[in-house]
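how does the following fold in three dimensions:
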Amino acid sequence: MDNTFAQRLVNARKIRCMSQRELCNSVDGKVSPTAIAKYEKGLMMPSSDVLILLSNALNMKLDYFFRPYTIDIDPSKFEFRKKSSMGSKKVESIKYLVCSEIEKYLEIEAILGITSKFCLDYGNTTVEGENEAKLLALRLRNDLNIGSDAIVSAIDLLESVGVKIIEIEHDSSFSGTCNEAGGLSVIVVNKNMCSERKRLTIFHELGHLLMHCADGVDKEKMCNVFANEVLIPSDKFKNLIGESRHDISLVELQAMQREYGISVDALMVKAAQLNIITDRRFTSYHKKKNALPTFKEAVEQSLYPMEHTCRFERLVYRALASEVISYSKAAALLDKSVNEVRDTLNLM
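Down below sits the predicted model:
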């Protein structure tokens with residue numbers, strides 16, 4: 001029996017958050033739960049008609065079920081926040097979906113003979129508090145030769161140094177996760193988030209990959225501090241705002257939001273952490289936000305241009321243009337039709 005098909009069927013079902021019985025129902029009972037169980041155990045192969053039914057029900061292309069495994073990625077290594085409101089099925093769905101995307105990413109790199117790995121290692125530094133988290137952020141900026149400049153694209157920056165960025169479409173209950181799979185550094189983010197939230201999430205997850213915290217230290221909090229500092233260093237922030245303020249206008253905050261791609265809320269958090277504003281002023285800001293819908297809308301408005309990962313897609317079209325893969329292979333990797341791929345290539 002084909003064990004590749006068996007495992008692919010299990011993975012596809014989990015990606016779609018379906019039980020064996022739900023899969024059976026989705027094909028109008030034309031396949032029994034017993035048969036599906038045998039397929040998943042590698043004890044039996046479906047007929048071509050049944051295979052098409054399963055493929056349609058799971059919204060997976062036929063070639064997915066027979067794609068050989070090129071790397072062993074453990075889905076359990078992807079960590080989700082303790083406060084996550086997602087159920088176990090959704091969490092499992094994301095894990096298996098991301099593993100599938102990483103496989104395709106590595107496959108196209110192998111086809112093109114490209115090796116791309118993130119090499120920064122801060123294991124010699126232990127974070128015991130906010131100061132160490134900020135210093136680690138500045139060390140990253142220095143190692144990546146950013147200085148104190150605004151980061152135009154968080155995705156482009158990290159992809160250029162070997163981090164794999166995977167975007168998936170999901171509801172607002174999911175922000176991001178990360179994993180070090182097979183020596184690779186992978187960051188996963190919700191494609192549907194606004195740009196400011198996505199950028200903060202990306203560097204938050206990078207903090208999880210880089211940061212080694214002392215026992216008892218709240219790593220989630222330290223990763224937030226790290227991400228905030230990466231996006232706008234404290235010294236730069238003080239130069240723009242000043243050392244001490246009774247109040248900060250929304251106009252000033254939005255100007256920084258547009259330049260540095262960081263939300264007004266995150267900027268106010270930074271102002272409070274640096275004692276530029278008092279705790280009382282910070283509290284009053286949140287009270288005003290909760291009391292005035294128009295102010296809340298203005299504060300939460302996204303002003304920074306949206307950014308998306310496109311490296312994987314570029315590599316696929318590069319391989320196609322170089323005639324090292326076929327149109328059908330490119331379509332399978334991109335989860336598009338052959339006509340869509342051909343039309344896109346013709347526009348280039």
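
so how far is stretch 145-155 off the chain centroid?
Chain-centre distance of stretch 145-155: 19 Å, with C-alpha atoms, centre = their mean, to the nearest Å.

output the below-cut-off pLDDT ranges for the protein.
1-2, 71-72, 77, 79-85, 181-182, 348 (pLDDT under 70).

quick one, what contacts Val189?
Applying C-beta atoms under 8 Å, 6 or more residues apart in numbering to Val189 gives the contacts 165-168, 175-176, 198, 201-202, 205. C-beta: built from backbone N, CA, C; applies to glycine.

which strand residues bridge it?
Counting by DSSP bridges, Val189 forms beta bridges with Glu167, Gly176.

distance of it from Leu210?
Distance of Val189 to Leu210, given as C-beta to C-beta, to the nearest Å: 17 Å.

ok, Leu158 next?
Taken as C-beta to C-beta, the span from Leu158 to Leu210 is 11 Å.

same deal with Cys178?
10 Å.

which one's more surrounded, the two?
Taking neighbours as other C-beta atoms under 10 Å, Cys178 and Leu210 compare with Cys178 leading, 26 against 23.

chain neighbours aside, what residue packs nearest to the more buried one?
Distances taken as C-beta to C-beta, 6 or more residues apart in numbering place Glu205 nearest to Cys178, at 4.1 Å, with adjacent residues excluded.

on the three-state scheme, that neighbour is what?
Assigned by DSSP: H, G, I helix; E, B strand; the rest coil, the conformation of Glu205 is helix.

residues contacting it?
Counted by C-beta under 8 Å, 6+ apart, Glu205 has contacts 176-178, 187-189, 223.

any idea which element Cys24 lies in?
Using DSSP states H and E, Cys24 falls within helix 20-26.

check which helices and strands that helix sits against.
Applying 3 or more C-beta pairs under 8 Å, 6 or more residues apart in numbering; DSSP states H and E, we find helix 20-26 packed against helix 33-40, helix 48-58.

how about the CA coordinates for it, as PDB?
In PDB, the C-alpha atoms belonging to helix 20-26 read as follows (Å, rounded to 0.1, in the frame of the first residue of the first chain):
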ATOM      1  CA  GLN A  20     -13.400  10.700   9.400                       C
ATOM      2  CA  ARG A  21     -17.200  10.700   9.800                       C
ATOM      3  CA  GLU A  22     -17.400  14.300   8.600                       C
ATOM      4  CA  LEU A  23     -15.300  13.500   5.600                       C
ATOM      5  CA  CYS A  24     -17.700  10.500   4.900                       C
ATOM      6  CA  ASN A  25     -20.700  12.900   5.100                       C
ATOM      7  CA  SER A  26     -19.100  15.400   2.800                       C
END
